[in-house]
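Visitor: For reference, the sequence and a predicted model appear below.
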Amino acid sequence: MNVLTPPPALKPQDFASDQEVRWCPGCGDYAILKGVQKALAEIGARTEETVFISGIGCSSRFPYYMSTYGFHTIHGRAPAVATGLKLANPALDVWVVTGDGDGLSIGGNHMLHVLRRNVDLQILLFNNEIYGLTKGQSSPTSRVGTRSPSTPTGSVERPVSPPLFALGAGARFVARTVDTQMKPLVAVMKRAQAHCGTSFVEIFQNCIVYNDAVFEDFTAKDVAADNQIVVSHGEPLLFGRDRQKGLRLRPGRLDLEVVTAGVDGVGPDDVLRHDETSPTLAWMLAAMTPPEMPMALGVLYCDPAPSFAPAVVADSTAIPTSPPTPEALNALLRRGHTWTIAD
Amino acid sequence: MSSTSTASTLAAPAALAGHRQALESAVVRFAGDSGDGIQVTGGRFAEATALSGNDLATFPDFPAEIRAPAGTTYGVSAFQINFGARRILTSGDSPDTLVAFNPAALKVELADVKPGGLVILDTGSFNERSLRKAGYAADPLTDGTLDAYRTLRLDISQLTLDAVKPFGLSQKDALRCKNMWALGLVYWLYDRDRRPTVAWLERKFAGRTDLAQANIAALNAGHAFGETAELPGDLPAYVVDRAPIAPGLYRAITGGEALAYGLVVGASLAGLPMVFGSYPITPASPLLHTLATLGQFGVVTLQAEDEIAAVCAAIGASYGGAIGVTSSSGPGIALKTEAIGLAIAAELPLVVVNTQRAGPSTGMPTKTEQSDLYQAVFGRNADSPLVVLAARSPADCFDTAIEAMRIATRYMTPVMVLSDGYIANAAQPWRIPDIAALKPFPVHFRTEAEGFQPYHRDPETLARNWAVPGTPGLEHRIGGLEKDYDTGHISYDPANHQRMTEVRRDKVAGVARDIPPQRPESGNDHGPLAIVAWGSTYGPIARAVAVLRAEGLDVAHIHLRHLWPLPADLGDLLSGYDRILVPEMNTGQLLTLLRSAYLLPAEGLNKVSGQPFKVHEIEAAVRARLAAQRSSSPEGIER
């Protein structure tokens, strides 16, 4: 008698490949790798059904370190390759790993279109605000004034904001997390994986060699509490060491401001509650930058909409599981006007 | 200004029924404004011609502008058909009959008409304004422009208005029937049956009986005019006998359609669904349009955001166990280049269709050329071999696409299929094959986990395993970085890179063992002169060689489908000829391949005007070379 036993649950280390990890010592990528492996174990993912697709850059070595299926493609093109993979097999759980240069510079166009198509996959954008693998040039997310080999007197271009780009492209899931914050990182990964459609996750990732401590303005221990806010759907937007600070709409204009409980007659009800289905709020949260405002972390926006692959497949009147029969193909070729030449 | 019907001024008796002049073949060209219904007219003529048992080939010539201003030379739309009682291989060098619906059409097309050919003009469309728009300084009807031709100067506009008067159409709708009036006249001229066109009009205007009846009345009136009017005495009516065509069921097919059907059938012979990624580009888009309607046959089409995404999605699909196909024209293929390199390194099957067009950069998008052979064979960074095939005709696109699918899946390699703007848009009758008679080449994915390594190869083909995501126990990582020959892990080992480079080369080179022997299309396997060619030059070359051989000239025609690797026996075959002539619509690309592969003193015949070769150009080139050879050969030595 056959007994169907569920496959044994996998542990985080079961998602690690046998390859030696070759990021620089102290690189934020290590923590992200651990976090993703932990999230997959907690989700109950299967290695054979999970695929990591990457482009080029430090972050894009990620697939080699996973025991899942993986495809290390070319610079910027991972979203396009992943789109094709989902069209071939929509059942796969596909993760795209990219960076600020790969995803927003050379691959910016694909990022735009994968988001607007809402292909059902997760995009992990490791943002270190620098080109690491090519030795330290400024990137599209580098802040104005970034000194690098390609901008020796400081960059003059204004940076792009990954979550604002994603929202503008029509993303239905936008989240943000930090490489070193294991618990929220795992939580965000799980939410991203559960979301049907494209999940866009910006991960602040420290490049210890070329851009060390660039996120210290909101991740350093002494300022973190006051300079970041972890948002949670339905919960008041509170932050600060004693959660005494909050966000509210500035009276008289569509803008957020920081208020402190008990000051100026501000009560608990004056503080906004996070509504992750509000694109307007998501936009305002994503646009906040320290030190004037806290950096918003967590799921900024989640409002599912029909995703791409099932729509396309349905559009093609359901891709048959078996190839068309010779009879069907003969009928196709004989469609329309035909004539017979007799013997 | 000749604005009245000239029929009444023509004195000589009309051709008598039953006294038609028999022709072996004829070329007819319809030309007018985009809005004159030229393509419809040509399509109907082609249908009636196919049904009368002639062989035929057609070519539409659209203006590049979508809605060019009426009456301008750049807004002229044309349709040419060559039909005959013999095998027809091209859409014809130059028209025997031109139907010009306006001065601009006359201006653009007249130079192509055979000297002494027939020009049918709608004089109703000739006036000061339309002549000026067409760029005529003087009236071509009176200034001698038409002296070298026979002309039928009819106020087709007025004759049409008279014919459709009973149906009470608006002036605009009534004038739209003039293409049918002209078609009726040409049907009379070439003895075509009107019934299929009547039936088509009834279907087409099923909801507008008045339009259907008016168009039919115009068609009949044009035909009746030919029968009853007194046409010039030197204007006989013609008859073109049935061609000796193999019996069977036929349809008309363009290269774009044949490629689409070939890809669909090829994927099914491989047992795979197809994902087709494409970005709109002239003249490749018809393939996307056709495949987009074939979802129920296992095709997913993606109109990608750019050329790069289109090929990358195809690669992703192949990685996932479908067959990825992408399509473009030269400039778009250039953009796909890096990704094609990825498919070569990752050793995934991929079919890349290049519908070539003329010129570097944007060039002449609507004009034809075959100048992407270097790009196909050599156009990538590093040693990046892939397989290159070329289709020779619209119908041949079907077989070539199937062959591309077979090689891509059997060898885990990208295959580039070269078509061109001429093949894609030209149509020819096609004997519809029976799919059940085609040999399947089913793909077997790797499922056995024991001993699996992603880059283990089939010892015969050197193709690696195809293990698709979703298969338990075969989880592995691939990518563009060099891989270890045995494990597939990243490797920078010098000896390993040498070995991997060589195995990629040998795998593609080995395809040469898996293709049919190369035989001449016509002619002997040795002799004074062989023409070696590829792609859409097939038609004019085959026709020219048929003519020359009928005259007793010893010339052979070798036409290549497999361009890379070249057929294994091609070198031996070519060594049997004294001279090799390579006609190409480029400046000598196959020529370079042949000379470098076989150290042959082959000679090019190169045309890069955006126009296909004409039969007489090939004939003249062959005659010149054979004559030179005879005069330089010692007497008494004959081959």
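Guide: Cool, got the structure.
Visitor: What parts of the stretch 101-250 of chain A come near chain B?
Guide: A:N109, A:H110, A:L112, A:H113 (C-beta under 8 Å from any C-beta of the partner chain). (Each C-beta comes from the backbone N, C-alpha and C, glycine too.)
Visitor: I'd like those residues as TSV, with secondary structure appended.
Guide: Below are those laid out as TSV (DSSP: H, G, I helix; E, B strand; the rest coil):
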residue	secondary structure
A:N109	helix
A:H110	helix
A:L112	helix
A:H113	helix
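Visitor: what's the pLDDT at residue 138?
Guide: Using chain A. We note a pLDDT of 96 for A:S138 in this prediction.
Visitor: wrong chain, I was asking about chain B
Guide: B:A138 is given a pLDDT of 94.
Visitor: and it, what does it touch?
Guide: Contact analysis of B:A138 by C-beta atoms under 8 Å, 6 or more residues apart in numbering or on different chains lists nothing.
Visitor: Checking it next. Helix, strand or coil?
Guide: B:A138 ends up coil, using three-state DSSP.
Visitor: separation between it and chain A?
Guide: 44 Å (C-beta to the nearest C-beta, to the nearest Å).
Visitor: Phi first, then psi, for B:S329.
Guide: phi -120, psi 170 (degrees, to the nearest 10).
Visitor: that older thread, scan the residues of the stretch 101-250 of chain A next to chain B and report the most crowded one.
Guide: With neighbours taken as other C-beta atoms under 10 Å in any protein chain shown, the top of these is A:H110, carrying 29 neighbours.
Visitor: so where's chain B uncertain?
Guide: B:1-18, B:232-234, B:633-639 (pLDDT under 70).
Visitor: Which residue lies nearest the spatial centre of it?
Guide: B:I423 (0.8 Å; C-alpha atoms, centre = their mean).
Visitor: is it true that it lies in a helix?
Guide: Yes - assigned with three-state DSSP, B:I423 falls within a helix.
Visitor: Now B:G479. Nearest residue, chain neighbours left out?
Guide: A:H72 (2.9 Å; C-beta to C-beta, 6 or more residues apart in numbering or on different chains).
Visitor: ok, how many other residues are close to that neighbour?
Guide: Neighbours of A:H72 (other C-beta under 10 Å): 24.
Visitor: Also A:S150?
Guide: Counted with other C-beta under 10 Å, the neighbours of A:S150 add up to 15.
Visitor: Over to B:T123?
Guide: 22.
Visitor: Then the one 10 residues further on?
Guide: Counted by other C-beta under 10 Å, the residues lying close to B:K133 total 19.
Visitor: That one looks like it's in a strand, true?
Guide: No - secondary structure assignment (three-state DSSP) places B:K133 in helix, not in a strand.
Visitor: and the nearest residue to it once chain neighbours are set aside, what element?
Guide: The shortest distance from B:K133 to any non-neighbouring residue, by C-beta to C-beta, 6+ apart, is to B:G71 (4.1 Å). In this assignment (DSSP states H and E), B:G71 forms part of neither any helix nor any strand.
Visitor: burial of B:G71, as a residue count?
Guide: So B:G71, with other C-beta under 10 Å, has 20 neighbours.
Visitor: what separates it from B:A218, distance-wise?
Guide: In this structure, B:G71 and B:A218 are 22 Å apart, going by C-beta to C-beta, to the nearest Å.
Visitor: can you check B:I580 too?
Guide: Taken as C-beta to C-beta, the span from B:I580 to B:A218 is 53 Å.
Visitor: So which residues on the stretch 451-600 of chain B come close to chain A?
Guide: Near chain A, when you scan the stretch 451-600 of chain B using C-beta under 8 Å from any C-beta, you find B:468-481, B:489-490.
Visitor: For PyMOL, what selects the buried ones among the residues you listed?
Guide: Buried subset of those, written as a PyMOL selection, criterion 16 or more other C-beta atoms under 10 Å in any protein chain shown:
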select buried, chain B and resi 468+469+470+471+474+475+476+477+478+479+480+481+489+490
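Visitor: Go through the residues of the stretch 451-600 of chain B next to chain A and name the one nearest chain A.
Guide: B:G479 (2.9 Å; C-beta to the nearest C-beta).
Visitor: who's in contact with the nearest residue to B:A252 once chain neighbours are set aside?
Guide: In this structure, B:A252 finds its nearest non-sequential neighbour in B:A427, 4.9 Å apart by C-beta to C-beta, 6+ apart. By C-beta under 8 Å, 6+ apart, B:A427 lies in contact with B:A46, B:A57, B:T58, B:F59, B:A252, B:I253, B:T254, B:P394.
Visitor: list the contacts for the first one?
Guide: The contact partners of B:A46, taken as C-beta under 8 Å, 6+ apart, are B:L56, B:T58, B:I81, B:A252, B:A427.
Visitor: Select from those every entry located in strands.
Guide: Members of the contacts of B:A46 lying in strands (criterion: DSSP state E): B:L56, B:T58, B:I81, B:A252, B:A427.
Visitor: Out of those residues, which two are the most distant from each other?
Guide: B:I81 and B:A252 (10.7 Å; C-beta to C-beta).
Visitor: Following element in sequence after the host helix or strand of B:N354, please.
Guide: Using DSSP H and E, B:N354 falls within strand B:350-356. Later in the chain than strand B:350-356, the nearest helix or strand by DSSP H and E is helix B:373-378.
Visitor: And the next helix or strand past that next one?
Guide: strand B:387-390.
Visitor: So what does B:T145 have for phi and psi?
Guide: phi -50, psi -40.
Visitor: List the contacts of it.
Guide: B:T145 sits in contact with B:L110, where contact means C-beta under 8 Å, 6+ apart.
Visitor: So which residues on the stretch 151-300 of chain B come close to chain A?
Guide: B:245-252, B:261, B:264-265, B:267-268, B:271-273, B:275, B:277, B:294-300.
Visitor: And those residues, which of them are buried?
Guide: Buried, going by 16+ other C-beta under 10 Å: B:245, B:249-252, B:261, B:264-265, B:267-268, B:271-273, B:275, B:277, B:294-295, B:297-300, out of these.
Visitor: Going by distance to chain A, which of the contacts of B:A427 wins?
Guide: Distances from chain A to the contacts of B:A427, taken by C-beta to the nearest C-beta, are shortest for B:A252, at 7.3 Å.
Visitor: before we move on, the earlier item: more neighbours, B:I580 and B:A218?
Guide: Under the neighbour definition other C-beta under 10 Å, B:I580 and B:A218 were set side by side, and B:A218 has more, 29 against 22.
Visitor: is it true that the more buried one touches B:M180?
Guide: Yes - assessed by C-beta atoms under 8 Å, B:A218 is found in contact with B:M180 at 4.2 Å.
Visitor: ok, then the element right after the longest helix along chain B?
Guide: Criterion DSSP state H: the longest helix present in chain B is helix B:209-228. Next in sequence after helix B:209-228, counting helices and strands by DSSP H and E, comes strand B:238-240.
Visitor: I'd like to know which elements that following strand is packed against.
Guide: strand B:21-23, strand B:25-33, helix B:178-190 (3 or more C-beta pairs under 8 Å, 6 or more residues apart in numbering or on different chains; DSSP states H and E).
Visitor: Could I get the buried residue list for the very next helix or strand once past the last one?
Guide: The C-terminal neighbour of helix B:178-190 among helices and strands, as given by DSSP H and E, is helix B:195-204. Burial within helix B:195-204, assessed by neighbour count using 16+ other C-beta under 10 Å, is assigned to B:P196, B:T197, B:V198, B:W200, B:L201.
Visitor: Go through the residues of the stretch 101-250 of chain A next to chain B and name the one nearest chain B.
Guide: The closest of those, once distances to chain B are taken by C-beta to the nearest C-beta, is A:H113, at 4.0 Å.
Visitor: quick one: the closest one and B:A309 touch, right?
Guide: Yes - between A:H113 and B:A309 there is a contact under C-beta under 8 Å: 6.8 Å.
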